[in-house]
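Enquirer: no sequence on this one, just coordinates:
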C-alpha cells in the first residue's frame, strides 16, 4: 500500500491519501488535499515537516511551495531521522493496532483494516495524542 500521511499536532488530526505510487505528481495531489483541509480552519501559518524522499525535492513541488508560501512554511528533516517525524509514530500505531502479526488474504482485507484504523484516528483523536506529545 502506498499511503501519504500528515498530522496536525495541536488537534491530533490525521490526514491521509492512498495512491498507487510515490512520486512528485501523487505527492502534489496529497499536498493539495492537505491545503484544502487546512484552508477551512487556517488562522496561522502551517509548518510542513517532511523527510528526504526524492519526490519531496522535485522542482515542481518546490514551485508549489513557493506559490503557497503566504500560509505554508516547509522544513526538511535531517537524513535518516524518523524519530523526528510525528507521522512515523502514527504508522507505528497502525502496525500495533491493525496489521502486526496478521495475515491478509487479499489487498481488500488489508485496505479495510487500514481504513478502519485511520478512520478511528480521525474520529477519536485522543487515541493518538500520546504519540504526538513529544512533538508539542
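Expert: Yep, it's here. Not measured: the values here are computed from a predicted model.
Enquirer: ok, the residue of the chain most remote from its centre to residue 112 distance?
Expert: The centre of the chain is farthest from one residue, residue 105, which by Cα atoms, centre = their mean lies 26.4 Å away. Note on residue 105: its distance to residue 112, by Cβ to Cβ, to the nearest Å, is 11 Å. Placement of C-beta: from N, CA and C, glycine included.
Enquirer: and if you look at residue 82?
Expert: 27 Å.
Enquirer: next one: residue 36
Expert: Per Cβ to Cβ, residue 36 is found 25 Å from residue 112.
Enquirer: Comparing the two, which residue is more hemmed in?
Expert: residue 112 (13 against 10; other Cβ atoms under 10 Å).
Enquirer: mind checking the SS state of that one?
Expert: Residue 112 falls in the helix class when you classify it by DSSP: H, G, I helix; E, B strand; the rest coil.
Enquirer: per-residue pLDDT, it?
Expert: As summarised for this prediction, residue 112 has a pLDDT of 97.
Enquirer: residue ranges with poor pLDDT in this structure?
Expert: 40-43 (pLDDT under 70).
Enquirer: Quick one: the strands in it, in order.
Expert: Here the chain has its strands, by DSSP state E, at 2-8, 13-19, 46-50, 72-76.
Enquirer: right, so of those, which gets closest to residue 27?
Expert: Between residue 27 and the strands of the chain, the shortest gap by Cβ to Cβ is with strand 2-8, which sits at 6.7 Å.
Enquirer: name the helices or strands packed onto the closest one?
Expert: strand 13-19, helix 24-39, helix 86-94 (3 or more Cβ pairs under 8 Å, 6 or more residues apart in numbering; DSSP states H and E).
Enquirer: Columns distance to residue 73 on top of those, output as CSV?
Expert: Shown next, in CSV, are the helices and strands packed on strand 2-8 (distance: least, Cβ to Cβ, whole Å):
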stretch, distance to residue 73
strand 13-19, 17
helix 24-39, 12
helix 86-94, 16
